[in-house]
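I would like to see how this sequence folds:
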Amino acid sequence: MGYSIFEKTMADMTWQEVEKASKENQIVLFPLGVIEEHGPHLPLGTDSYWSYASCKCILEELNNKGERALIVPPYYWGINHCTGGFPGTFSVRPETMMAVLMDIFKNLHDWGFHNIFCNNCHGDVIHIRAILDAIKTGRNELGLNIRILVDFYDLSRIGLKGDEDFILVLNPEYPEEFYAGMDKSEIGLFDIHAGGYETAFIKHYFSELVNEEVAKNLKSTSLTNKELEQWGRGGEATRTLVPLGYAGNPAGYKNIVNLDCIEKFKVEYTVKRIMESLNGKA
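Numbering: from 1, shown residues only. Got it, this is the predicted structure:
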């Protein structure tokens with residue numbers, strides 16, 4: 001993917017380049033994640049790597065469409081309620097996170113940017129609500145067009161209807177053949193943390209960060225509906241449920257043979273939705 005998660009972000013730009021980008025009203029992509037345990041096979045920065053890599057792919061697709069954009073340096077000081085009982089999992093208070101995000105939005109506003117699309121790759125509900133609160137405040141107080149990309153299947157979980165003006169709903173209809181080879185024994189279970197797809201994604205973009213020897217021998221801990229409730233309690237409840245810190249089927253990464261196609265399809269769909277929103281059609 002590159003030498004660091006700063007590659008092709010504002011961190012590698014000069015101030016003159018940032019000023020030029022603002023005058024061109026370039027689209028701003030903002031990757032959001034956390035530093036959090038991801039089992040014995042993935043690094044603590046997994047969500048931040050994922051969010052950054054997705055934004056980089058979205059940036060490239062926007063450029064292919066003739067649209068200019070830039071990426072804010074990845075934000076990773078988030079909230080980890082569910083996995084907070086594991087060492088290495090950093091967590092900040094919601095009010096702290098909101099304050100920092102608002103300061104970042106204010107910076108972007110002061111530099112002349114207007115259209116900001118947040119890409120969060122961490123599923124903790126408290127974390128997401130803090131982002132939503134900051135976005136709504138940024139829209140109301142600064143007049144910015146800030147939206148967060150939200151998968152359709154996450155709407156009810158985070159208390160949204162789908163028609164809110166501060167979100168951009170993603171609901172691509174993937175071809176069935178993309179899922180060929182996936183483990184059917186996992187149907188009806190929830191692979192939500194450091195499981196098969198997440199492991200496959202990090203292996204694809206940051207292969208040196210995945211301990212494959214460990215991953216391929218891990219037994220599935222994908223969750224039932226009842227176990228999801230225990231996961232949500234966090235702390236010792238989560239550690240008792242998944243002592244090694246993963247909730248999913250990491251060894252299943254080997255069966256995800258169409259990750260390239262899935263991610264390309266999603267990126268193209270995401271760019272389509274971004275452009276629709278900028279044209280007042282979403």
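
Leu278 contacts Asn115, correct?
Yes - when contacts are counted by C-beta atoms under 8 Å, Leu278 is listed as touching Asn115 (6.3 Å). C-beta: built from backbone N, CA, C; applies to glycine.

Specify which residue of the two has the higher count of neighbours.
When Leu278 is set against Asn115 and neighbours are counted by other C-beta atoms under 10 Å, the residue ahead is Asn115, at 18 against 15.

And for that one, nearest residue in space, chain neighbours not counted?
Leaving aside its chain neighbours, Asn115 sits nearest to Asn145 (4.9 Å; criterion: C-beta to C-beta, 6 or more residues apart in numbering).

quick one, strands of the protein?
Taking DSSP state E as the criterion, the chain contains strands spanning 27-32, 69-71, 115-120, 145-151, 167-170.

Relative to the second one, what are the paired strands and their orientations?
Sheet pairing for strand 69-71, assigned by DSSP bridges, gives strand 27-32 (parallel).

Which neighbours do Leu278 and Asn115 have in common?
Both Leu278 and Asn115 are contacted by Ile27, under the criterion C-beta atoms under 8 Å, 6 or more residues apart in numbering.

residues near Val257, how many?
For Val257, the neighbour count with other C-beta under 10 Å is 13.

so what's it closest to, chain neighbours aside?
Nearest residue to Val257 in three dimensions, chain neighbours excluded: Gly181, at 5.0 Å (C-beta to C-beta, 6+ apart).

circling back: point out the most buried one among the strands of the chain.
Ranked by mean neighbour count, the strands of the chain are led by strand 27-32 with a mean of 25 (mean count of other C-beta atoms under 10 Å).

Now do that strand: distance to the chain's middle.
11 Å (C-alpha atoms, centre = their mean, to the nearest Å).

Could I have the CA atoms of it written out in CSV?
Extracted in CSV, the C-alpha atoms of strand 27-32 (Å, rounded to 0.1, in the frame of the first residue of the first chain):
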residue,chain,number,x,y,z
ILE,A,27,-13.3,17.0,-2.1
VAL,A,28,-12.0,16.1,1.4
LEU,A,29,-11.8,12.4,2.4
PHE,A,30,-11.4,11.8,6.2
PRO,A,31,-10.4,8.3,7.3
LEU,A,32,-11.5,7.5,10.9
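
Outside of it itself, list whatever touches it.
For strand 27-32, contacts defined as C-beta under 8 Å, 6+ apart pick out 5, 48, 51-52, 54-55, 58-59, 62, 67-72, 74-76, 78, 104, 108, 113, 115-122, 131, 274, 278.

Mind checking which of the residues you listed land in helices?
In helices, defined here by DSSP state H, the members of these are 48, 51-52, 54-55, 58-59, 62, 104, 108, 131, 274, 278.

Report how many residues lie close to the nearest residue in space to Ala237 that is not next to it in sequence.
Among residues not flanking Ala237 along the chain, Gln230 sits closest, at 5.2 Å (C-beta to C-beta, 6+ apart). Neighbour count for Gln230, taken as other C-beta under 10 Å: 16.

what do you get for Arg157?
Neighbour number of Arg157 under other C-beta under 10 Å is 12.

And for Ala282?
If you count neighbours by other C-beta under 10 Å, Ala282 ends up with 13.

again, but for Asn25
Neighbourhood size, Asn25 [other C-beta under 10 Å]: 12.

if I read this right, it contacts His114, doesn't it?
Yes - at 6.4 Å, Asn25 and His114 qualify as touching, with contact defined as C-beta under 8 Å.

and stretch 71-90, how far apart are its ends?
From its first residue to its last, stretch 71-90 covers 23 Å (C-alpha to C-alpha, to the nearest Å).

I'd like to check which residues are in contact with Asn145.
Going by C-beta under 8 Å, 6+ apart, the list of residues near Asn145 reads His114, Asn115, Ile116, Arg139.

which among these gets closest to His193?
Nearest to His193 among the contacts of Asn145 is Ile116, at 27.4 Å by C-beta to C-beta.

In this structure the closest one contacts Ile148, no?
No - checked against C-beta under 8 Å, the pair Ile116 and Ile148 is beyond contact range at 9.4 Å.
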